[in-house]
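Asker: How does the following fold in three dimensions:
(one chain, ligands or ions: 1)
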Amino acid sequence: MSDSVPAASVPPGTVTAVGDYAVGNHDESYFAVSKRCRHLGADLSGGSISPDGCLVCPWHRAEYDVASGRMTRGPQGIFAKVPGLGTLFMTLTRVVPLRRRRVTSDGTSLTLE
Ligand code: FES
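Answerer: Numbering: from 1, shown residues only. This next block holds a predicted model:
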């Protein structure tokens, strides 16, 4: 199954929803990961991209490596004060990372393979 979206709808530094995936553009490099945060299920397509290219959850700012689908920083705010919580979720995503799909571009549209 492939999903497509106009490339113009994902300008650099943004994330948008394409079906069940959060599609982002970090310095003209596109990624697609499943869009439910492993913490409490926030829609990651409403997230942002950190300067180093990680996907940041819009609710509690956990960060994901979009290449591996693994959480690289646990939930922040009040959740960061819970001992071991961040480690627990980071470990969980080693076993159950976000799903990833390859994104191809023909210049005008993006296709999830
Ligand atoms: S729902 Fe994503 S960090 Fe909490």
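
Asker: What mean pLDDT does stretch 104-113 get?
Answerer: The average pLDDT within stretch 104-113 is 94.

Asker: Going by neighbour count, which residues of it are buried?
Answerer: Using 16 or more other Cβ atoms under 10 Å as the test for burial, stretch 104-113 gives 110, 111, 112. Quick note: C-beta positions are derived from backbone N, CA and C, even for glycine.

Asker: Parallel or antiparallel, list what pairs with the helix or strand containing the first one.
Answerer: Spelled out, that is residue 110. Using DSSP states H and E, residue 110 sits in strand 109-112. Strand 109-112 pairs in its sheet with strand 3-6 (antiparallel), strand 103-105 (antiparallel), by DSSP bridges.

Asker: which element follows the lowest-mean-pLDDT helix or strand in the chain toward the C-terminus?
Answerer: Taking mean pLDDT, DSSP states H and E as the measure, the helix or strand of the chain with the lowest value is strand 3-6, at a mean of 92. Moving toward the C-terminus from strand 3-6, the next helix or strand (DSSP H and E) is strand 15-18.

Asker: Okay, strands next: where are they in this structure?
Answerer: 3-6, 15-18, 21-26, 29-34, 48-49, 55-56, 63-64, 71-73, 100-101, 103-105, 109-112 (DSSP state E).

Asker: hmm, the fourth one in reach of the ligand?
Answerer: No - contact of strand 29-34 with the ligand is not found when judged by Cβ under 6 Å from any ligand atom; the minimum separation is 12.7 Å.

Asker: That strand packs against which elements?
Answerer: strand 21-26, strand 100-101, strand 103-105 (3 or more Cβ pairs under 8 Å, 6 or more residues apart in numbering; DSSP states H and E).

Asker: List the buried residues for that strand?
Answerer: Across strand 29-34, burial judged by 16+ other Cβ under 10 Å covers 30, 31, 32, 33, 34.

Asker: was I right about residue 42 contacting residue 59?
Answerer: Yes - with contact defined as Cβ atoms under 8 Å, residue 42 reaches residue 59; the gap is 3.9 Å.
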